[in-house]
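Undergrad: Just need the structure, nothing else, for what follows:
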Amino acid sequence: MKIILDTNFLMIPGMLKVDVFSQIREIVPDPKFYVVDETVKELKKISNDKSLKQTHREAAKLALIFINKFNIRVLSSKTTSFKNVDELILKIAKKGGFAVATQDQAFKRVLKENNIQILILRQKKYVKLA
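TA: Prediction:
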């Protein structure tokens, strides 16, 4: 299964100390992890924003480390027009048959309406296919 990880999902390990990657591997056979380039930009911005709490900055830095450590593929947004990162992820997911891992409630509704498979964190402890 090809899975696009959004910004808030990537920050779970740093914020809640939950190993979402191992948990996904337990419920999804042979997962392939992806992020969009705009997510990487968001994480870099968060990690350098001194107005945010240190825990948020550190969680974003850890997410960037995981992107490299786990060889998560970065999808380019250059060929897709979009208003925001969620719209970009939706378009790529629909076009490429991706599932999406997110914690964003509004985005989850949009994904559901578009019949996109969703991975979520339940009870701040375990990953589940929704």
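Undergrad: give me phi/psi at K128?
TA: phi -140, psi 150 (degrees, to the nearest 10).
Undergrad: Surely it touches I120?
TA: Yes: using CB atoms under 8 Å, K128 is in contact with I120, at 5.8 Å. For the C-beta atoms, the positions are set from N, CA and C on the backbone; glycine is no exception.
Undergrad: I89 versus D37, what's the distance?
TA: The gap separating D37 from I89 is 11 Å, by CB to CB, to the nearest Å.
Undergrad: try Q23
TA: 20 Å.
Undergrad: Equivalent analysis for L5, please.
TA: Counting by CB to CB, the gap from L5 to I89 is 9 Å.
Undergrad: Overlap in contacts, the two.
TA: Taking CB atoms under 8 Å, 6 or more residues apart in numbering as the contact rule, L5 and I89 both touch T39.
Undergrad: Any idea how many residues pack against L119?
TA: Neighbours of L119 under the rule other CB atoms under 10 Å: 24.
Undergrad: show me the contacts for it.
TA: Contacts of L119 (CB under 8 Å, 6+ apart): I3, F9, I24, V28, A99, V100, A101, T102, V127, K128, L129, A130.
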